[in-house]
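Participant: Dropping the sequence and predicted coords here.
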Amino acid sequence: MKLENAASQLEALGNPIRLQLYRVLVRAGSEGLPVGSIQEKLGIPASTLSHHIKRLVDTGLVFQERQATTLICTAHYPAMQALIGYLADACCADGTCPPLSSKKSRIRSPA
């Protein structure tokens, strides 16, 4: 992964609505979710949702598929794994990162 791609994806996920949207799609699994269901879960107007979905699609983190009259959005797991791998490889190359094997070792964000 190139630095520019990683920066674009991280910038897209830096928006709270897009991060929440992406988390919903990741949790939905490989089946994805119809746009209407996403809108219900997030409680945002359709036009706002469309804008945020487009940004995630443009960065390659999400893809869309039309099934009859329904638009299904799905997290692009290979892109997510590539971003995580890029961060781990680029940032932890010298061995300074703690292992992620334990939930106790995870850093918690302030409330």
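Facilitator: Yep, that arrived. Residues are numbered from 1 along each chain as shown.

Participant: can we go C-alpha only for contacts and neighbour counts from here?
Facilitator: Will do.

Participant: hey, where'd the helices end up in the chain?
Facilitator: Ranges of helices within the chain are 3-13, 16-28, 35-42, 46-58, 77-91, based on DSSP state H.

Participant: closest one to residue 70 among the ones you listed?
Facilitator: Nearest to residue 70 among the helices of the chain is helix 35-42; the distance by C-alpha to C-alpha comes to 7.7 Å.

Participant: and the helix or strand of the chain with the lowest mean pLDDT with helix 3-13, angle?
Facilitator: Within the chain, no helix or strand scores below helix 77-91, which has a mean of 88 by mean pLDDT, DSSP states H and E. Following axes from the mean of the first three to the mean of the last three C-alpha atoms, to 10 degrees, one obtains 110 degrees for the angle between helix 77-91 and helix 3-13.

Participant: just for this protein, where's the confidence low?
Facilitator: 92-93, 95-111 (pLDDT under 70).

Participant: And the most centrally placed residue in the chain, how far from residue 14?
Facilitator: In the chain, the residue lying closest to the centroid (C-alpha atoms, centre = their mean) is residue 22, at 3.8 Å. Applying C-alpha to C-alpha, to the nearest Å, the value for residue 22 to residue 14 is 11 Å.
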